[in-house]
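**Q** Provided below are the primary sequence and the corresponding predicted coordinates.
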Amino acid sequence: MAKFIHAMIRVLDEARSVEFYRTAFGLEIADRFVFDDFTLIYLRNSEADVEVELTVNHDRSDPYDLGDGYGHMAFCVDDLDAEHARFTAAGLAPRKIVAFNRDGALMARFFFVQDPDGYQIEVLQRHGRYR
């Protein structure tokens, strides 16, 4: 059986991105590998084995075009309201909390935040299938 281990995104500024993911989600650098043309930074926290891989191309200075194919990453939290307040206090500019219902019952509560390179990240209340 296959095991999902990481999702990779390309970023322009390593320090800015590492600080965002540390502040927002408590992700820390697990490994960092410098090559001639690029650097790979693997971020994780104690909640999961899945990592976010940041790829920094050394010769890149223009922002990446995310196009219309990128969806989002998602993290779940125990207290969505507290996290929304924490994100706001940290200057991360989260969007409003949304309640999403299906068949008359709450399916999900969430908000989105954008990382420094424009990637959208969903933050969900632990509930139902979102654990």
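**A** Great, that's in hand.
**Q** how far is stretch 27-39 from where the chain is centred?
**A** 17 Å (C-alpha atoms, centre = their mean, to the nearest Å).
**Q** Name the residues that touch it?
**A** 14, 18, 21-22, 40-45, 51-52, 55-59 (C-beta atoms under 8 Å, 6 or more residues apart in numbering). In short, each C-beta sits where N, CA and C put it, glycine included.
**Q** Kindly state the domain boundaries assigned to the protein.
**A** Using automatic domain parsing, the domain ranges for the chain come out as 1-59, 72-131.
**Q** Which of the helices or strands spans the closest residue to residue 116 other than its chain neighbours?
**A** When the adjacent residues along the chain are set aside, residue 116 lies closest to residue 16, with 4.8 Å between them (C-beta to C-beta, 6 or more residues apart in numbering). Element membership for residue 16 (DSSP states H and E) is helix 14-25.
**Q** So which residues of this structure form strands?
**A** 6-10, 28-34, 38-44, 51-57, 73-77, 98-102, 105-114, 120-125 (DSSP state E).
**Q** what's the angle from the last one to strand 98-102?
**A** This points to strand 120-125. Calculated by axes from the mean of the first three to the mean of the last three C-alpha atoms, to 10 degrees, strand 120-125 forms an angle of 70 degrees with strand 98-102.
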